[in-house]
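Asker: Got a sequence here, can you model it:
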Amino acid sequence: MARPPLDGVRIADFTWVWAGPYCTLQLAHLGADVIRIETKTRPCVTRLLPPWPGGQPGGLNRSGYFNQYNQGKRSLTLNFKDPEAHEIARRLIAKSDVVVNNFAHGVMDKLGFGYEEVKKIRPDIIMVSLTGYGDTGPYRDYIAYGPAQVPLSGLSALTGYRGWPPMHAGFSYADPNAGVHGAFAILSAIYHRAKTGAGQYIDMSQWECAMGLLAEGILEYTMNGREPERAGNEDPWMAPHGIYRCLDRPEPVLGVTVDQWIAIAVADDGEFARLAATIGRPELAADSNFATLAGRKAHEEELNGLITAWTAPRRADDAVRVLQQAGIAAAVVADSRYVAEEDEHLAGRDFFVYREHQEVGTLQHCGIPWKMSRTATSVRAAAPCIGQHTDEVLTQVLGYAPEDVARLRSQGALE
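Answerer: This next block holds a predicted model:
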């Protein structure tokens, strides 16, 4: 089998929390040697976050959150209070192709690893900074976290029910979105260097990455001078378009009854005719209230009630199967149990991976969402324990003798 696309590419990973690690996760999936620089004196906050196996915290290596987003990487611990830790980092940069960070603007410069400095170490280096707001502009020094950036991007203004205030999107969408954008920019810079021999600096704004996904909101204002109205699960044009109640799960989860729903979206009159026939109401396709898109939008609440009368006594999986067989876009509103244990499609594609972790054993994690016909990509290993590869990187990559490693450890440079 062919080597992975980024085989031989090394990443000096100065990232933390989510956006940066998600970026370098994509590069690890593609075969890059991602060496994550950490410190035990101020560990990444995600090493301290739940969920933990069995619900039991303890130490820096049990976080499912960290272990999901750092698969296939190596961990090198450095204490930058020691000058020799800086020298180790410089030697790693000299042997790396890409330097990645998602600290606030200016932090890497304060550490002595801004682009002008790392360029002196390796002139063709590629460096990306996934800052919250970019390196220029009035906001460049603002503190940035995903829960604040999602509202600032405009996404929250589009999310919510009619007459309700703006709502958060359910999670910090700006973080992983920025990570994917950062990985794409890095791949482009690697391609550019292969053609020209020149490295470059990538100044990326997580905020701007999120705004790039919201054309329907921004363009509505810039072209028509009005703000889109929040409309819950409805669509401005399609009807029906929503979430419909089904039977509850047949068994409680931890003593709690779990409801289930399906999503249905109908784009045109032909699809609606098939939906009407499928739910046993073929006459609706000729009804003046529902035969046209305009009619369905005008009577959407009534239409949703008719559809719910059909979905409510059915299992979600069964309802979706019947609708899909009729050519209707429908899907289960999946909860975590459904995607982790019950969906046959994910199981059939081997999406989930099981790699043995040094401390927590073998647990299920999300794998790689693409398959390449000619290039090998795989989750090569579970996420590292903190500092797990320090000796390995120092001796095998950077050429330190074992006695030098012992000395550096004894003086606290490798904490």
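
Asker: Going by C-alpha atoms from here, please, whenever you check contacts or count neighbours.
Answerer: OK.

Asker: Show me the contact partners of stretch 211-227.
Answerer: Outside of stretch 211-227, the residues within contact range by Cα atoms under 8 Å, 6 or more residues apart in numbering are S153, G154, L155, L158, P228.

Asker: I'd like to know how many residues surround the closest residue to F351 other than its chain neighbours.
Answerer: Beyond its immediate neighbours in the sequence, the residue positioned closest to F351 (Cα to Cα, 6 or more residues apart in numbering) is G367, lying 5.3 Å away. Applying other Cα atoms under 10 Å, we find 16 other residues in the vicinity of G367.

Asker: Please apply the same query to V405.
Answerer: Going by other Cα under 10 Å, the residues that sit close to V405 add up to 17.

Asker: show me the contacts for the residue nearest to F351.
Answerer: Taking Cα under 8 Å, 6+ apart, we find G367 in contact with F351, F352, V353, V379.

Asker: The last one looks like it's in a strand, true?
Answerer: No. Per DSSP: H, G, I helix; E, B strand; the rest coil, V379 lies outside any strand segment and is coil.

Asker: Using the three-state scheme, assign the spatially most central residue of the chain.
Answerer: Within the chain, one residue has its C-alpha closest to the average C-alpha position: by Cα atoms, centre = their mean, that is P176, at 3.4 Å. In the three-state summary, P176 is assigned as helix, counting by three-state DSSP.

Asker: For the spatially closest residue to it that is not a sequence neighbour, give its distance to T131.
Answerer: Sequence neighbours aside, A19 is the residue nearest to P176 in space, at 5.1 Å (criterion: Cα to Cα, 6+ apart). The spacing between A19 and T131, counted by Cα to Cα, to the nearest Å, is 9 Å.

Asker: neighbour-wise, which of the two wins?
Answerer: For A19 versus T131, neighbours defined as other Cα under 10 Å are more numerous around A19 (31 against 26).

Asker: hang on, isn't that one packed against H181?
Answerer: No. Counting by Cα atoms under 8 Å, H181 is not a contact partner of A19; they are 9.7 Å apart.

Asker: still on that earlier bit, show me how to select, in PyMOL, the buried members of the contacts of G367.
Answerer: Isolation of the buried members of the contacts of G367 (16 or more other Cα atoms under 10 Å) is achieved in PyMOL through the command below:
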select buried, resi 351+352+353+379
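
Asker: per-residue confidence at the residue nearest to P176?
Answerer: Reading off the confidence values, A19 has pLDDT 96.

Asker: Surely I11 is in a helix?
Answerer: No. Secondary structure assignment places I11 outside any helix; it is strand (three-state DSSP).

Asker: helices and strands of the protein: which one has the lowest mean pLDDT?
Answerer: Taking mean pLDDT, DSSP states H and E as the measure, the chain has helix 146-153 as its least confident helix or strand, at a mean of 86.

Asker: contacts for that one?
Answerer: Under the criterion Cα under 8 Å, 6+ apart, residues 132, 156-157, 168-169, 171-175, 206-208, 210-211 lie in contact with helix 146-153.

Asker: Can I have the buried ones of those residues as a PyMOL selection?
Answerer: The PyMOL command for the buried members of these (criterion: 16+ other Cα under 10 Å) is given here:
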select buried, resi 132+156+157+168+169+172+173+174+175+206+207+208+210+211
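
Asker: biggest separation within the contacts of helix 146-153, which pair?
Answerer: With Cα to Cα as the measure, no two of the contacts of helix 146-153 lie farther apart than G132 and A157, at 19.5 Å.
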